[in-house]
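K.L.:
this is a predicted model, with the sequence first.
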Amino acid sequence: MIDANYMDDTKEYDVQFGDYVDLLKPRVMRLVIFTAAVGLFTAPVAVHPVIAFATILCIAIGAGASGALNMWWDADIDAIMKRTVTRPIPSGRVAKGEALAVGLTLSFLAVMMLGLFGNLFAAGLLAFTIFFYAVIYSMWLKRSTPQNIVIGGAAGAFPPMIGWAVATGGVSLESILMFALIFMWTPPHFWALALFRNEDYKAAGIPMLPVIRGTKVTRHHILVYSILLAPIAIALAFTQIGGPLYFAVAVCFNVLFMIGAFRLWLRNDALADADTYRAEKRFFMFSILYLFGHFVALLVEAALRAFDLGVSNWPVWF
Amino acid sequence: MVLIMSGFHKEHELHTRRKGRNISLGVALGLFVALIFAVSIVKLSIPQGEDIKAPNFSLDAVVSE
């Protein structure tokens, strides 16, 4: 029997190319591109610009693909939360199955091409990152523990390590510290967001720290993680990729970050409600600048070394 | 006959609506091909390491020829 209705289906909304791009979380991709590029360009091995471009593109596509898989899995809760309701699946622009297909296809393509353009070790790391974000974080941790963002933060911390692996073919203390910087930065960054988006997470039933343990414990955790973050950030200054400029930037940003975390620790829900979470929102925005500032400083140090303008007697302790 | 033929050539509304998406996808695929071409040229012109060398490849042998 001929299905005469199929032509009517075509009158529904057609997926546009931009909808597929939105599936890849372009804002997250920008951060991935930047941190992966810093990992690649600060490495002691020079990479041809074409290879650098191609491999960073693969890392970005891989990260985007894991974002599409995350959206496929989390479509139900994305439809509940204000922050995510306009994403392609809950807004009805892309079907769930299509998101899965895009995620799987691009994951496979990105890993395979990174193996060909770069090396197998970097490709393996990218594959693990996609698996970690899509399976370990999205499918397992996100809905099961208030420590979801602590462990899940590793997925966002891998890109500079992959960039470094593209250039060197391995892992070293520098790339581990870059990983640790993002890993320790992620919890205070997302908990600040969770404080002023608490109702959203409650409605979606996601066990974020403020939902399960309350906002007071969350503020305490933000302060502790901000203090633990500082020595990691500053330690990078005394590796081969650090230098006086990075050291100055790291000290300034970490002092301001800890002051911000201390201010949040002093506040309570009544104060936050009174000024519509102004301090929490400022801390969240500053945390983005914090990470950006550190990686820009590393990039500038690499550029200075490339032009023989680096400080030759700068102490390298690690 | 002319009328029938012109009916065949009339672009369906579906294709008009999807034109933007199809062009974007075509451009993306074209860029992908260009990227592979560029990387291939670089990999073939600059020795990147042992992994891209053919078996028994030796620069000395090339120079002596």
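P.N.:
Structure's in. What do you need?
K.L.:
and A:Pro44, how far from A:Ser172?
P.N.:
9 Å (C-beta to C-beta, to the nearest Å). Glycine gets a C-beta too; all of them are placed from N, C-alpha and C.
K.L.:
again, but for A:Leu100
P.N.:
Here A:Leu100 is placed at a distance of 36 Å from A:Ser172 (C-beta to C-beta).
K.L.:
neighbour count winner among A:Pro44 and A:Ser172?
P.N.:
Of the pair A:Pro44 and A:Ser172, A:Ser172 is the one with more neighbours under other C-beta atoms under 10 Å in any protein chain shown, namely 17 against 13.
K.L.:
quick check: which element contains the residue lying closest to the more buried one once chain neighbours are set aside?
P.N.:
Counting by C-beta to C-beta, 6 or more residues apart in numbering or on different chains, A:Ser172 lies nearest to A:Trp164, which is 7.2 Å off, once chain neighbours are set aside. Using DSSP states H and E, A:Trp164 sits in helix A:148-168.
K.L.:
next: A:Val255.
P.N.:
According to DSSP H and E, A:Val255 maps onto helix A:244-266.
K.L.:
could I get the buried residue list for that helix?
P.N.:
Across helix A:244-266, burial judged by 16 or more other C-beta atoms under 10 Å in any protein chain shown covers A:245-247, A:249-250, A:253-254, A:257, A:260-261, A:264-265.
K.L.:
output those in TSV, with distance to chain B appended to each entry.
P.N.:
TSV is the format used below for these (distance: C-beta to the nearest C-beta, whole Å):
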residue	distance to chain B
A:Leu245	31
A:Tyr246	30
A:Phe247	34
A:Val249	34
A:Ala250	34
A:Phe253	36
A:Asn254	38
A:Phe257	39
A:Gly260	41
A:Ala261	43
A:Leu264	43
A:Trp265	47
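K.L.:
would you turn those into a markdown table with distance to B:Leu29?
P.N.:
Shown next, in a markdown table, are the buried residues of helix A:244-266 (distance: C-beta to C-beta, whole Å):
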| residue | distance to B:Leu29 |
| --- | --- |
| A:Leu245 | 42 |
| A:Tyr246 | 41 |
| A:Phe247 | 46 |
| A:Val249 | 41 |
| A:Ala250 | 43 |
| A:Phe253 | 42 |
| A:Asn254 | 45 |
| A:Phe257 | 44 |
| A:Gly260 | 46 |
| A:Ala261 | 47 |
| A:Leu264 | 48 |
| A:Trp265 | 52 |
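K.L.:
which one of those is nearest A:Gly124?
P.N.:
A:Tyr246 (29.2 Å; C-beta to C-beta).
K.L.:
gap between the helix holding A:Val255 and the chain center?
P.N.:
Centre-to-centre, helix A:244-266 and its host chain are 20 Å apart (C-alpha atoms, centre = their mean, to the nearest Å).
K.L.:
quick one: name whatever helix or strand follows it.
P.N.:
Counting by DSSP H and E, the next helix or strand C-terminal to helix A:244-266 is helix A:269-274.
K.L.:
what about that next one, distance to the chain center?
P.N.:
Taking C-alpha atoms, centre = their mean, one finds helix A:269-274 lying 29 Å from the centre of the chain it belongs to.
K.L.:
mind listing what's buried along whichever helix or strand comes after that helix?
P.N.:
From helix A:269-274 onward toward the C-terminus, using DSSP H and E, the following helix or strand is helix A:278-306. Buried residues in helix A:278-306, counting neighbours by 16+ other C-beta under 10 Å, are found at A:279-281, A:283-284, A:286-287, A:290-291, A:293-299, A:301-302, A:304-305.
K.L.:
kindly report the same for stretch A:44-60.
P.N.:
A:47, A:50-60.
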